[in-house]
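> Provide a 3D model corresponding to the input given below.
(one chain, ligands or ions: 1)
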Amino acid sequence: MIQPCGLVLAGGQGARMDGADKALLPLGGRTLLDHVLARLAPQVPAIAISANGDPARFARFGLPVLPDETPDRPGPLGGILAGLVHAQQTGASHVLTVAVDTPFFPADLARHLPQRADAPLLVQAGDDPHPTFGLWPVAVASDLRAALGDGLRRVRQVSALLGGGMLILPPAEPDPFFNINTPADLRQAEARLVACP
Ligand SMILES: Nc1nc2c(ncn2[C@@H]2O[C@H](COP(=O)(O)OP(=O)(O)OP(=O)(O)O)[C@@H](O)[C@H]2O)c(=O)[nH]1
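The predicted model follows:
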């Protein structure tokens, strides 16, 4: 059975959130990163945080903070590549990525992982793809680096290039993959927490 290293994608510009560091935004008295780590920790043997900038802001979490491998090219792929390099160094075979702005993601996500995966598998719930959630074999690190060097930026595009597929989950209500991009999304998430604490 695959025992992936968990990787929280926590970089980005937060442009739709007025430039806020989304990982540290408060939701129900805890940060988004607290929520996501609490969901992920029971599902994987180890976790790292993927983000550029000063790692000291995440010091209290006591986890490795990985700068993007390609900081000059924004987007999750540079973070995923950093996660693959880190996982390789720790002896893990795969990385399971989750997005810090998606605090209600399934608490049983890892239960849906296959017995083996030689190419990336991106999560899809029903008909909706969620490419920041995925299972990546560390063996694709050099091909991913090459794809980034060729200027590719979209997770789905690169996954397809690497022979990847989809990890299909059943759709659920309320949507576990509701993600927080704007102040209005954050208010909606607060209301959801109040309705189902
Ligand atoms: N490590 C890393 N993660 C990223 C980067 N860009 C986005 N992410 C993460 O990928 C997920 C989806 O990010 P988006 O909402 O598309 O982008 P964003 O930059 O956070 O927000 P916007 O600027 O409003 O688009 C979030 O979990 C982000 O933290 C990046 O350059 N590096």
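
> what's the pLDDT at residue 188?
Among the per-residue scores, residue 188 holds a pLDDT of 97.

> again with residue 125
pLDDT recorded at residue 125 is 97.

> quick one: contacts for it?
With contacts taken as Cβ atoms under 8 Å, 6 or more residues apart in numbering, residue 125 has the following neighbours: 168-172, 175-177. Bear in mind the C-beta positions are built from the backbone N, C-alpha and C, glycine included.

> Let me see the ranges of the strands in the protein.
For the chain, the strands identified by DSSP state E occupy 5-9, 26-27, 30-31, 46-50, 65-66, 94-99, 121-125, 128-137, 165-169, in order along the chain.

> residue ranges with poor pLDDT in the chain?
197 (pLDDT under 70).

> Quick one: name the residues of it near the ligand.
With the criterion set to Cβ under 6 Å from any ligand atom, the chain comes near the ligand through 9-17, 22, 50-51, 68, 74-76, 78-79, 99-101, 132, 181.

> Of the residues you listed, which qualify as buried by neighbour count?
With neighbours counted using 16 or more other Cβ atoms under 10 Å, the residues of the chain next to the ligand contain these buried positions: 9-12, 16-17, 22, 50-51, 68, 75-76, 78-79, 99-101, 132.

> Show me the beta-bridge partners of residue 121.
Judged by DSSP bridges, the bridge partners of residue 121 are residue 135, residue 165.

> from memory it sits against residue 164, does it?
Yes. Applying Cβ atoms under 8 Å as the test, residue 121 and residue 164 come out as touching, 6.3 Å apart.

> and for these two, which residues touch both?
Taking Cβ under 8 Å, 6+ apart as the contact criterion, the residues that touch both residue 121 and residue 164 are residue 134.

> got the angle for the helix ranked longest in the chain vs strand 128-137?
Using DSSP state H, we find that the single longest helix of the chain is helix 76-90. Between the axes of helix 76-90 and strand 128-137, defined by axes from the mean of the first three to the mean of the last three Cα atoms, to 10 degrees, the angle is 30 degrees.

> Pull helix 76-90 out as CSV, backbone CA atoms only.
Taking C-alpha atoms only, helix 76-90 is exported to CSV below (Å, rounded to 0.1, in the frame of the first residue of the first chain):
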residue,chain,number,x,y,z
PRO,A,76,1.7,24.9,-7.7
LEU,A,77,4.0,22.9,-9.9
GLY,A,78,7.2,24.4,-8.5
GLY,A,79,5.9,23.4,-5.0
ILE,A,80,5.0,19.9,-6.1
LEU,A,81,8.5,19.5,-7.5
ALA,A,82,10.0,20.7,-4.2
GLY,A,83,7.8,18.2,-2.4
LEU,A,84,8.9,15.3,-4.7
VAL,A,85,12.6,16.2,-4.1
HIS,A,86,12.0,16.3,-0.3
ALA,A,87,10.1,13.0,-0.4
GLN,A,88,12.9,11.4,-2.3
GLN,A,89,15.3,12.5,0.4
THR,A,90,13.2,11.0,3.1
